[in-house]
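Undergrad: build me a structure from this.
(one chain, ligands or ions: 1)
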Amino acid sequence: MKELKDRIRRDGIIRAGNVLKVDSFLNHQMDIQLFEAMGQEFRRRFSDVEINKILTIEASGIGIACVVAQSFRVPVVFAKKTQTKNISGEVYTTKVESYTHGRIYDVIVSKEFLGKGDKVLLIDDFLANGKALEGLARLVKDSGAELVGAGIVIEKGFQIGGQTLRAQGIRVESLAIVDSMDETTGEIVFCE
Ligand code: 5GP
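TA: As a prediction, the model looks like this:
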């Protein structure tokens, strides 16, 4: 998606540890006009499949997931990160290692909001090593719902997540795939 790539090139800041900061339009301030265009693009890419629910993970996936859900006219469920020790039987739960914080979280979704008959599209802002998406995919599987695919705003193609998930047969559509980024020169190269 050209508009997104241009924006990343213009406003993206490369930080140590292969972290791309896009706080001015995605992760802190959110450019809703750009989000709308991204929502339409996901709608176009997944127009061949039935989707009745969007699933994301708090916090940074929620904004974009809401706008994508609007273009599909379906609800959004966000998986919650929790440190509660006694997790009740009313939730599906899994563990996810956070890329940016290096911590392991328990992640939960209420059984009320995900289950058999749901056709789920996962949405997240970034794909790096794939831990967040793998966790969401496990929750979908545990619930008996069907995983239709995953829509990602920025995939870092030089990290293993995309390859791992596609090898598991998950359809991953990324709006921008970063092939390489150089912290010293600030250069960002995209795939294709
Ligand atoms: P993964 O689980 O694929 O390793 O990492 C994905 C999650 O980590 C995303 O939900 C995102 O919040 C965060 N993340 C990973 N890499 C980056 C990055 O380069 N920049 C930002 N802003 N977040 C990232």
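Undergrad: how close does the closest residue to F113 other than its chain neighbours sit to R9?
TA: Closest residue to F113 apart from its sequence neighbours, by Cβ to Cβ, 6 or more residues apart in numbering: V77 at 4.7 Å. Using the backbone N, CA and C atoms, a C-beta is placed for each residue, glycine as well. With distances taken as Cβ to Cβ, to the nearest Å, V77 is found 33 Å from R9.
Undergrad: hmm, back to that, pretty sure the residue nearest to F113 sits in a helix.
TA: No. Assessed by DSSP: H, G, I helix; E, B strand; the rest coil, V77 does not belong to a helix; its assignment is strand.
Undergrad: contacting residues for it?
TA: Taking Cβ atoms under 8 Å, 6 or more residues apart in numbering, we find V77 in contact with K53, I54, L55, T56, V109, F113, L114.
Undergrad: need phi/psi at the last one.
TA: To tie it back to what came earlier, the one meant is L114. Main-chain torsions, L114, degrees, to the nearest 10: phi -150, psi 130.
Undergrad: neighbours of the closest residue to it other than its chain neighbours, how many?
TA: Counting by Cβ to Cβ, 6+ apart, L114 lies nearest to S143, which is 4.4 Å off, once chain neighbours are set aside. Using other Cβ atoms under 10 Å, S143 has 20 neighbouring residues.
Undergrad: now do the contacts for E58.
TA: Shown in contact with E58 (Cβ under 8 Å, 6+ apart): F78, A79, K80, K81.
Undergrad: could you measure from it over to V109?
TA: Taking Cβ to Cβ as the measure, E58 falls 11 Å from V109.
Undergrad: who touches both of the two?
TA: With Cβ under 8 Å, 6+ apart as the test, E58 and V109 both reach A79, K80.
Undergrad: low-confidence ranges in the chain?
TA: The model of the chain has pLDDT under 70 over residues 85-87.
Undergrad: where along this structure do the strands fall?
TA: 13-15, 19-21, 53-57, 76-82, 91-97, 104-110, 119-127, 146-156, 172-181, 188-190 (DSSP state E).
Undergrad: can you list the ones you listed in TSV and add distance to R138?
TA: Putting these into TSV (distance: least, Cβ to Cβ, whole Å) gives the following:
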stretch	distance to R138
strand 13-15	29
strand 19-21	25
strand 53-57	11
strand 76-82	10
strand 91-97	5
strand 104-110	9
strand 119-127	11
strand 146-156	10
strand 172-181	16
strand 188-190	30
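Undergrad: dump these to CSV, plus distance to the ligand.
TA: Below are those laid out as CSV (distance: least, Cβ to the nearest ligand atom, whole Å):
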stretch, distance to the ligand
strand 13-15, 8
strand 19-21, 4
strand 53-57, 6
strand 76-82, 11
strand 91-97, 7
strand 104-110, 11
strand 119-127, 4
strand 146-156, 6
strand 172-181, 9
strand 188-190, 11
